[in-house]
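Trainee: Okay, predicted coordinates and the sequence, questions at the end:
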Amino acid sequence: GESLCVFGTGDMGRSLGQRLLQSGYSVVFGSRRPDSCVPVPRGAQVMSHAAAAQSARIIFICIHREHYGFLQTIAPQLKGKVLVDVSNNLEKDMFPEANASHLQRLVPEATVVKALNTLSAWALQNGPSDSNRQTFVCGDSAEAKQAVSEVCTRLGLLVLDRGSLGASRELEDFPLQLFPQWRLPLGIALGLTAAFFFYLLIRDVIYAYVVDGKDISFRIMVSLANKVFPIVSLVMLALCYLPGVMAALLQLHRGTKYRPFPDWLDRWMLCRKQMGLVALALASLHVLYTLIIPIRYYVRYRIAASTISQVLKNQTTEFSQTSAWRTDSYYSMGILGFGLFVLLGISSLPSVSNSLSWREFSFIQSKLGYLTLFLCTLHAYLYGWDKFLRPTSYKWYMAPGYLLSLVLPSVVLVLKLLLLLPCVDRSLTRIRRGWE
Amino acid sequence: GESLCVFGTGDMGRSLGQRLLQSGYSVVFGSRRPDSCVPVPRGAQVMSHAAAAQSARIIFICIHREHYGFLQTIAPQLKGKVLVDVSNNLEKDMFPEANASHLQRLVPEATVVKALNTLSAWALQNGPSDSNRQTFVCGDSAEAKQAVSEVCTRLGLLVLDRGSLGASRELEDFPLQLFPQWRLPLGIALGLTAAFFFYLLIRDVIYAYVVDGKDISFRIMVSLANKVFPIVSLVMLALCYLPGVMAALLQLHRGTKYRPFPDWLDRWMLCRKQMGLVALALASLHVLYTLIIPIRYYVRYRIAASTISQVLKNQTTEFSQTSAWRTDSYYSMGILGFGLFVLLGISSLPSVSNSLSWREFSFIQSKLGYLTLFLCTLHAYLYGWDKFLRPTSYKWYMAPGYLLSLVLPSVVLVLKLLLLLPCVDRSLTRIRRGWE
Amino acid sequence: GESLCVFGTGDMGRSLGQRLLQSGYSVVFGSRRPDSCVPVPRGAQVMSHAAAAQSARIIFICIHREHYGFLQTIAPQLKGKVLVDVSNNLEKDMFPEANASHLQRLVPEATVVKALNTLSAWALQNGPSDSNRQTFVCGDSAEAKQAVSEVCTRLGLLVLDRGSLGASRELEDFPLQLFPQWRLPLGIALGLTAAFFFYLLIRDVIYAYVVDGKDISFRIMVSLANKVFPIVSLVMLALCYLPGVMAALLQLHRGTKYRPFPDWLDRWMLCRKQMGLVALALASLHVLYTLIIPIRYYVRYRIAASTISQVLKNQTTEFSQTSAWRTDSYYSMGILGFGLFVLLGISSLPSVSNSLSWREFSFIQSKLGYLTLFLCTLHAYLYGWDKFLRPTSYKWYMAPGYLLSLVLPSVVLVLKLLLLLPCVDRSLTRIRRGWE
Ligand SMILES: Cc1cc2nc3c(=O)[nH]c(=O)nc-3n(C[C@H](O)[C@H](O)[C@H](O)COP(=O)(O)OP(=O)(O)OC[C@H]3O[C@@H](n4cnc5c(N)ncnc54)[C@H](O)[C@@H]3O)c2cc1C
Ligand SMILES: Cc1cc2nc3c(=O)[nH]c(=O)nc-3n(C[C@H](O)[C@H](O)[C@H](O)COP(=O)(O)OP(=O)(O)OC[C@H]3O[C@@H](n4cnc5c(N)ncnc54)[C@H](O)[C@@H]3O)c2cc1C
Ligand SMILES: Cc1cc2nc3c(=O)[nH]c(=O)nc-3n(C[C@H](O)[C@H](O)[C@H](O)COP(=O)(O)OP(=O)(O)OC[C@H]3O[C@@H](n4cnc5c(N)ncnc54)[C@H](O)[C@@H]3O)c2cc1C
Ligand SMILES: NC(=O)c1ccc[n+]([C@@H]2O[C@H](COP(=O)([O-])OP(=O)(O)OC[C@H]3O[C@@H](n4cnc5c(N)ncnc54)[C@H](OP(=O)(O)O)[C@@H]3O)[C@@H](O)[C@H]2O)c1
Ligand SMILES: NC(=O)c1ccc[n+]([C@@H]2O[C@H](COP(=O)([O-])OP(=O)(O)OC[C@H]3O[C@@H](n4cnc5c(N)ncnc54)[C@H](OP(=O)(O)O)[C@@H]3O)[C@@H](O)[C@H]2O)c1
Ligand SMILES: NC(=O)c1ccc[n+]([C@@H]2O[C@H](COP(=O)([O-])OP(=O)(O)OC[C@H]3O[C@@H](n4cnc5c(N)ncnc54)[C@H](OP(=O)(O)O)[C@@H]3O)[C@@H](O)[C@H]2O)c1
Ligand SMILES: CCCCCCCCCCCCCCCC(=O)OC[C@H](COP(=O)(O)O)OC(=O)CCCCCCCCCCCCCCC
Ligand SMILES: CCCCCCCCCCCCCCCC(=O)OC[C@H](COP(=O)(O)O)OC(=O)CCCCCCCCCCCCCCC
Ligand SMILES: CCCCCCCCCCCCCCCC(=O)OC[C@H](COP(=O)(O)O)OC(=O)CCCCCCCCCCCCCCC
Ligand code: HEM
Ligand code: HEM
Ligand code: HEM
């Protein structure tokens, strides 16, 4: 096959070389130590950089940017060649110039193309899968880009053109991203958690200390956590479905779908998936915290104490049908809601959502999602029951936590019910199909 | 690159346009409002429909079918062009004619090709992944199909030819499917759940009300649910493995594998995965319902009452080694069975099953699957223990639920054991390798 | 389209034929019973083997190796053809010769190419996905390989060349692999489980029997299991992170990253994923075993007995703030640690890890992984608390299990802390960037 050159026998160089060989190219490595370097893939040759450069028109520079310097010394041999810059940096803005532009400046007679940098050596070796099948390419020479694209396509990659070499900074920033879409949802979760934690700390623990003189600070570890987590989870679940309702109201109000949403709404809609998954994680914690209740020392102690006191006072409490119904019902709602919640989570795994048709996906995410929200809200209502009526629930005029958590979900559910009214639904469908 | 035209600047139009640009085509949009439409991807032009149509041979019609009417007015400009119909409908049989056929009738001088309709605008924008890498194409002109296929291939899609334009109705129905393979399993689960629910309602709750005059209706929420769910789960697990055994027996009986199975057996075999996953969901619910037992009001009340009565009567019950062994054993079997159950579920996630070799997949699904069935069955046997011997278990001559749930699993396990006998196994292998 | 021939109308033959038809080839089947065979995909022809062979240059032999014999009889018709061997065997080393070499020997005038054998008929039919997009090809004629590769590429597969026909044995062994990477981790897990099981059996059960004369053998089922599983899980979690630390120390010691690691370290590093997943499975079992504690007969009996004895002795135990804090804390640490553990598991699902950038993946696996290890270790420390100080904990001089489980995690965490010291960290980064 055609001959290609790879500079550098490190992880990236060897992986790329092996893959090129398997796809039918012949490969020549350029190395500082052609005779003593680590073993290269079978079938490839190793030479000095200058010699290797002669043998091919395309040279993959699999060397860290810091070591590019020596390329100036072999500039004559690189003249007219296509240099493929695959490099990344340790952090953003480490250098004033993008690596590819730096390379171009060092060897102006060669043509630099940026490519392959978003793939890891590991992924290259194991063959392209799902989402690392794509590679971005940029460069100033259309012809050089075309030549590199052809090699990439033969490696099984899908090439996406990103324009001129000026875009290489953007390409170099890709692999440095750290969960950009998770920042907002995690921020919201953190903020809400802190707010509710201090609210409940004051209301439950500090109140008991100040007013009753009792130290129940040990409750922070489990009891308090098991209030904060479910409350934040429920609020975030509601925040997942609120933007959809708001978008619908906005479209109804405007009478058209062809005007873009305000920016904040757009951003909110785009992080609903992450918001939902954070809510799921918090709900899972709530479930685990709930399930260990009966093995807690404090709970066991209290139950024994209550039994003993019943015996000593010789008065047993009456069995309450209402309590039995109510508690069993709220557990049941919680379990069913959590089951659906997990189902939403499973269906958002990339491999599962890819195998669903659009209609199936939105049936689960939208229809079953609202059912989940409804069941979880019902669970919290049944848990609270008539507590909100009792004056003792308002310590220092602070409402019980569950009551606060119910505001947003209730609003979302009521608005959604409004949107489901036949007349409203009909106009919404009209608007969304473009009948104006 | 080559020039392509896209009619409509909606979600689909813009996504497709962007993708085409990235793949190196130049793109011209045709719009009703070339000057005031929403922003199109950078690098594309927007013109009136008539002007845009001139600039390219292939035109993607990214417009809802209801608005196709205006195309008749620009028929002269569309003459000889290839029109790609990407449209879908809101529901099946909304229109008497398939969208693509309708389009062909409207513009008879153009050649219509149906394509891309199974992809969502979203998926197009994010790049093809795993299973939405495929697109179906149909049309009456082989040459036009070829031209469209080439574009699709360059977008990274795998094109599958579905024949003439007559197939477009079928293609338009694809994205409207709503879990066709889940209907039968969900139907069976629902039927079994209803049947066992009423059976146990009569046996447990109504019997207590009629005969003993006690109202224990609160038990419906948790106790009854926690009988119905595991019973149905176990039965459905058995139903997963029954068809495999029946198929083997049929092949043994016929002495050949080259005769197709009866239709019902084929359909049954094809929905085993869904059946198993429904069983897993029900088993998960059983586990959660079981784990909340100790925090139930009713259970706490009963335990306290029993302790108090022991104190008052001054007679403590004896510790029973057998009970300790038996309950611990059945919990242990349940936990291990559930662990394997979850493993079966994980291994049927598309991305996991894709990374397993055929032998590995069937090791987990078949060998470990039978082990799961065995452990769960043993769990139910140990749970029931000698209850089935006691006459009081047969209220109104109705056997306890667990006993009914054990019939099918036991049959499947016995039949499987028969098939594992060396002589039977040998003839089966012979038949399956085609040595007749 | 071009004409291709398929011998055999079995599962593989039909699937392949259908796929070829969809990709635009015309297909002719060769069958023993051209008139009475099972229905073939629409559009294909069925003929006798000899007639079919005439119609195409490439023939896919979708027949089991045992039946290759008849091919000798039609050798004249096969002369000059390319025979594609797709066959696999039931087990390794069933035959002295690879199937493809055997075929070549039978029909020496034809050119044999091995291909497609790692795909299943099922996968072919459903379209290539994620990891079964790849197929390996080997053969002695470059030209024949090229022709077969072109067909495979058009089917949407990525072809990897494996060299001459001599490699076919290796290719035939691929689909027979049974979890090669899981063997070591599962072996270690099994060994550790057995060792700790017997250790704790002697220490807890046999000691009680011999010294106190009490038969508490029923504890094996749950109590003992719930010690062995978490202990082994924690040790294996530590074993996941130990090799990374050792590799770093070795690189620091050597002052370079360009010398390969010793073989055992390499192998250890490559099975960390499997090791971690086994640890996760064991931790999940630990959690389930823990959650059923309160419904165990033995536990309920003991609690009732303790309550009764408190009543009868008329002395209630004091509420201990320390115990409340300690137990709640260790549950909390366990829950948070387990939550992160599950997150590590989710992020190692192929479809999830593929959609993460390298930096994101290693943030979760490395940073959050150490946090998981830390939380789980803390959980065990808090659980043990001051137990290790009490002489009664050393029955027959055997330390309590939890103490043993803490050794390795503590070592790993301390070494990691050392590596995080700024000066050490700096030299390590230098070495890993190749600044020597
Ligand atoms: C556990 C959990 C997991 C979730 N996972 C996802 C998820 O994987 N993807 C997701 O979008 N939401 C996810 N969500 C958020 C939420 O369920 C969905 O956004 C839901 O579709 C909103 O319903 P709606 O009726 O308000 O949507 P509407 O706004 O009424 O309509 C659906 C809207 O959702 C958008 N949408 C649909 N599918 C996708 C998709 N695949 N990618 C991006 N946007 C899409 C479309 O732009 C469309 O406008 C998840 C929520 C939870 C609780
Ligand atoms: C939680 C859970 C998950 C399950 N997930 C799956 C699943 O993902 N796929 C699945 O097939 N079954 C699944 N099942 C059903 C069941 O485990 C399998 O069908 C199992 O292989 C039957 O074993 P057997 O020995 O009876 O099969 P046999 O009939 O003896 O032999 C295996 C048969 O299964 C068919 N088969 C094997 N692999 C697949 C596949 N990938 N797709 C379709 N058919 C196949 C083949 O046609 C073959 O005839 C699942 C069951 C449970 C409980
Ligand atoms: C539940 C669970 C799941 C795990 N899943 C995985 C997993 O999917 N992949 C995995 O590698 N480890 C997995 N592990 C093991 C462990 O978490 C990682 O190996 C972790 O990166 C080690 O951290 P470290 O700082 O010691 O790695 P270091 O050795 O300091 O550096 C990271 C090293 O990990 C290797 N590596 C990184 N990513 C991958 C990858 N995708 N495939 C193969 N090797 C890689 C690189 O060779 C690199 O040398 C898992 C562990 C647990 C407990
Ligand atoms: N590893 C990945 O997953 C990955 C992914 C995408 C991009 N990249 C990029 O690929 C490049 C190489 O990464 P890598 O991980 O392969 O690094 P590496 O393993 O450290 O290899 C770098 C190679 O560069 C050569 N080299 C080192 N110092 C040199 C010097 N002073 N002068 C000349 N050559 C020198 C060495 O080859 P010789 O000994 O043969 O000279 C060495 O093997 C980097 O730019 C990186 O950003 C890597
Ligand atoms: N969205 C998807 O995920 C998806 C997936 C597969 C297939 N499709 C199909 O693609 C087509 C477009 O869907 P879409 O989601 O992009 O819809 P859309 O967002 O509503 O866009 C439709 C576009 O059609 C044009 N249009 C609307 N009314 C028109 C009229 N009366 N006359 C002429 N043009 C009119 C508008 O473009 P101008 O304002 O520029 O004229 C509008 O932007 C549909 O057939 C749909 O079935 C969509
Ligand atoms: N099934 C898979 O998933 C898969 C995957 C990879 C590779 N393979 C390989 O593909 C080959 C076929 O597997 P399969 O599963 O399709 O097997 P199969 O269903 O048993 O079909 C084998 C076909 O071979 C023909 N045949 C049987 N006995 C014969 C004889 N004595 N002489 C001549 N032809 C005979 C029959 O076709 P006619 O009745 O038309 O003559 C039969 O349909 C095997 O080598 C297998 O290893 C299969
Ligand atoms: C006690 C357990 C608590 C923690 C587990 C809860 C699950 C929530 C997890 C969030 C996962 C985030 C992954 C981050 C990686 C990422 O960015 O991933 C990014 C990917 C890809 O995203 P894009 O497609 O948007 O690029 O997103 C995902 O893959 C989503 C993964 C969803 C996983 C849900 C799994 C459900 C399984 C539930 C198990 C429940 C256990 C219950 C125990 C009682
Ligand atoms: C309390 C939780 C109860 C509910 C969760 C149980 C899991 C069972 C879920 C079934 C999932 C169906 C997805 C439907 C989408 C679809 O059609 O999906 C279709 C896809 C693709 O199918 P094809 O390959 O057949 O096209 O199928 C799947 O992806 C199967 C997904 C299997 C998921 C199993 C995950 C196991 C994780 C277990 C978590 C256990 C939590 C335990 C808590 C105690
Ligand atoms: C009670 C439950 C206990 C069992 C479940 C625990 C999960 C651990 C499972 C290990 C899975 C191994 C799959 C083997 C197939 C294989 O080889 O698979 C091979 C694949 C691909 O590997 P390569 O990419 O290395 O080729 O690996 C995987 O897919 C890894 C799958 C990870 C799955 C983690 C899922 C987390 C979900 C957690 C649910 C927790 C439930 C908690 C209940 C309380
Ligand atoms: C297995 C499923 C579930 C069970 C068994 C369960 C159980 C409980 C219990 C016992 C409580 C009372 C806690 C206390 O006494 O402080 C509670 C409260 C609550 N639960 Fe759940 N729950 C489940 C699922 C969910 C889910 C999925 C949500 C949704 C996010 C949720 C939201 C809440 C809320 C908001 C409260 C009130 C918290 C407070 O203010 O105390 N629960 N749940
Ligand atoms: C964590 C794992 C499990 C635990 C702890 C567990 C526990 C229990 C308990 C406590 C009961 C008695 C319920 C009652 O008193 O009504 C029970 C019953 C039962 N379980 Fe499980 N179980 C587990 C997993 C499973 C699984 C995976 C199955 C398989 C489907 C299963 C099937 C059954 C059946 C059929 C019954 C009898 C139901 C009845 O008639 O009451 N269990 N289990
Ligand atoms: C939901 C999370 C968890 C809970 C509720 C939990 C609870 C417990 C309990 C109650 C014990 C005492 C068991 C006994 O009395 O024998 C224990 C012990 C232990 N746990 Fe956990 N745990 C959790 C997660 C974990 C995780 C993720 C690990 C890490 C592998 C772990 C490691 C250990 C170890 C090593 C012991 C000591 C075992 C012994 O020697 O008895 N736990 N845990």
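Mentor: Arrived safely, thanks for sending. Ligands and ions are numbered 1, 2, ... in the order given.

Trainee: Poorly predicted segments of chain A, please.
Mentor: For chain A, the stretches with pLDDT under 70 are A:127-132, A:436.

Trainee: what number of residues lie near residue A:309?
Mentor: 12 (other Cβ atoms under 10 Å in any protein chain shown). C-beta coordinates here come from the backbone N, C-alpha and C atoms, glycine included.

Trainee: Distance check, the closest residue to residue A:78 other than its chain neighbours against residue A:103.
Mentor: Setting aside the residues directly before and after it, residue A:78 is nearest to residue A:110 in space (Cβ to Cβ, 6 or more residues apart in numbering or on different chains), at 4.6 Å. Distance of residue A:110 to residue A:103, given as Cβ to Cβ, to the nearest Å: 8 Å.

Trainee: Need the residues touching each of these two.
Mentor: Taking Cβ atoms under 8 Å, 6 or more residues apart in numbering or on different chains as the criterion, residue A:110 and residue A:103 both touch residue A:83.

Trainee: circling back to that earlier point, ok, the residue nearest to residue A:78 touching residue A:80?
Mentor: Yes - using Cβ atoms under 8 Å, residue A:110 makes contact with residue A:80 at a distance of 7.0 Å.

Trainee: If you count surrounding residues, which of those two has more?
Mentor: For residue A:110 versus residue A:80, neighbours defined as other Cβ under 10 Å are more numerous around residue A:110 (22 against 9).

Trainee: tell me the contacts of that one?
Mentor: By Cβ under 8 Å, 6+ apart, the contact set of residue A:110 is A:75, A:78, A:79, A:80, A:81, A:82, A:83, A:104.

Trainee: next SSE after the helix or strand hosting residue A:273?
Mentor: Using DSSP states H and E, residue A:273 maps to helix A:272-291. Later in the chain than helix A:272-291, the nearest helix or strand by DSSP H and E is helix A:297-313.

Trainee: So the following helix or strand past that next one, near ligand 7 or not?
Mentor: Sequence order places helix A:321-347 as the next helix or strand after helix A:297-313, per DSSP H and E. Yes - using Cβ under 6 Å from any ligand atom, we find that helix A:321-347 touches ligand 7 at A:342, A:345, A:346.

Trainee: Can I get whatever helix or strand comes next after helix A:321-347 as CSV, trimmed to CA atoms?
Mentor: For helix A:321-347, the following helix or strand on the C-terminal side (DSSP H and E) is helix A:350-354. The C-alpha coordinates for helix A:350-354 follow below in CSV (Å, rounded to 0.1, in the frame of the first residue of the first chain):
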residue,chain,number,x,y,z
PRO,A,350,-26.5,6.2,24.9
SER,A,351,-26.8,2.6,23.7
VAL,A,352,-30.4,2.3,24.8
SER,A,353,-31.6,5.6,23.6
ASN,A,354,-29.9,5.0,20.2
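
Trainee: Show me what helix A:350-354 is packed against.
Mentor: In terms of contacts (3 or more Cβ pairs under 8 Å, 6 or more residues apart in numbering or on different chains; DSSP states H and E), helix A:350-354 is packed against helix B:350-354, helix C:350-354.

Trainee: Other residues contacting the following helix or strand past the last one?
Mentor: Past helix C:350-354, heading to the C-terminal end, the next element that is a helix or strand (DSSP H and E) is helix C:358-362. Surrounding helix C:358-362, the residues in contact under the criterion Cβ under 8 Å, 6+ apart are A:120, A:175, A:176, A:177, A:178, A:179, C:347, C:353.

Trainee: where does the single nearest residue of the stretch 151-300 of chain A relative to ligand 3 land in three-state SS?
Mentor: Closest approach between the stretch 151-300 of chain A and ligand 3, counting by Cβ to the nearest ligand atom: residue A:175, at 13.1 Å. Residue A:175 falls in the helix class when you classify it by DSSP: H, G, I helix; E, B strand; the rest coil.

Trainee: and it, how many neighbours does it have?
Mentor: Using other Cβ under 10 Å, residue A:175 has 16 other residues around it.

Trainee: is stretch A:177-190 up against ligand 1 anywhere?
Mentor: No - under the criterion of Cβ under 6 Å from any ligand atom, ligand 1 is not reached by stretch A:177-190; the shortest gap measures 10.5 Å.

Trainee: Show me which residues of the stretch 301-436 of chain A sit near ligand 8.
Mentor: So the stretch 301-436 of chain A meets ligand 8 at A:338, A:339, A:342, A:343, A:346, A:347, A:352, A:355, A:356 (Cβ under 6 Å from any ligand atom).

Trainee: Neighbours of the closest residue to the second one other than its chain neighbours, how many?
Mentor: Put plainly, it is residue A:339. Leaving aside its sequence neighbours, residue A:339 sits nearest to residue B:285 (Cβ to Cβ, 6+ apart; 5.9 Å). A count of neighbours around residue B:285, defined by other Cβ under 10 Å, yields 22.

Trainee: Show the contacting residues for residue B:285.
Mentor: Residues counted as contacts of residue B:285 (Cβ under 8 Å, 6+ apart) are A:335, A:336, A:339, B:225, B:229.

Trainee: check contacts around the second one.
Mentor: By Cβ under 8 Å, 6+ apart, the residues touching residue A:336 are A:375, B:285.

Trainee: Ok, the first one next?
Mentor: Under the criterion of Cβ under 8 Å, 6+ apart, the contact list for residue A:335 reads B:285, B:288, B:289, B:292.

Trainee: just residue A:326 next, same as before
Mentor: Counting by Cβ under 8 Å, 6+ apart, residue A:326 touches A:382, A:385.

Trainee: switch the cut-off to 6 Å
Mentor: Residue A:326 makes contact with residue A:385, according to Cβ atoms under 6 Å, 6 or more residues apart in numbering or on different chains.

Trainee: same check, this time on residue A:15
Mentor: Counting by Cβ under 6 Å, 6+ apart, the residues that residue A:15 touches are A:121, A:124, A:125.

Trainee: Does residue A:4 belong to a helix, a strand or coil?
Mentor: strand.

Trainee: Hmm, residue A:26 and it touching each other?
Mentor: No - using Cβ atoms under 6 Å, residue A:4 makes no contact with residue A:26, being 7.4 Å away.

Trainee: Of the two, which one has the most company?
Mentor: Neighbours were counted for residue A:4 and for residue A:26 using other Cβ under 10 Å; residue A:4 has more, 22 against 15.

Trainee: Distance of whichever residue of the stretch 301-436 of chain A sits closest to chain C relative to ligand 9?
Mentor: In the stretch 301-436 of chain A, no residue comes nearer to chain C than residue A:351, which is 3.6 Å away by Cβ to the nearest Cβ. Residue A:351 sits 10 Å away from ligand 9, going by Cβ to the nearest ligand atom, to the nearest Å.

Trainee: what residues are up against that residue?
Mentor: With Cβ under 6 Å, 6+ apart, residue A:351 has these contacts: B:349, B:350, B:351, C:351.

Trainee: Relative to residue C:430, which of those is nearest.
Mentor: Taking Cβ to Cβ as the measure, residue C:430 lies nearest residue C:351 of these, at 36.1 Å.

Trainee: how far away is the closest one from residue C:94?
Mentor: 35 Å.

Trainee: what's the answer for residue A:26, then?
Mentor: Per Cβ to Cβ, residue A:26 is found 37 Å from residue C:94.

Trainee: got it, and residue A:93?
Mentor: Separation of residue A:93 from residue C:94 (Cβ to Cβ): 60 Å.

Trainee: Return the backbone torsion pair for whichever residue of chain A sits closest to ligand 3.
Mentor: Closest to ligand 3 within chain A is residue A:122: 5.4 Å, counting by Cβ to the nearest ligand atom. Main-chain dihedrals, residue A:122, degrees, to the nearest 10: phi -60, psi -50.

Trainee: dump the residue contacts of the residue lying farthest from the centre of chain A.
Mentor: Going by Cα atoms, centre = their mean, the residue of chain A most distant from its centre is residue A:314, 57.9 Å out. Applying Cβ under 6 Å, 6+ apart, we find residue A:314 in contact with no residue.

Trainee: how deep is the residue of chain A found nearest ligand 11 tucked in, by neighbour count?
Mentor: Here chain A gets closest to ligand 11 at one residue, residue A:291, 11.4 Å apart by Cβ to the nearest ligand atom. Neighbours of residue A:291 under the rule other Cβ under 10 Å: 21.
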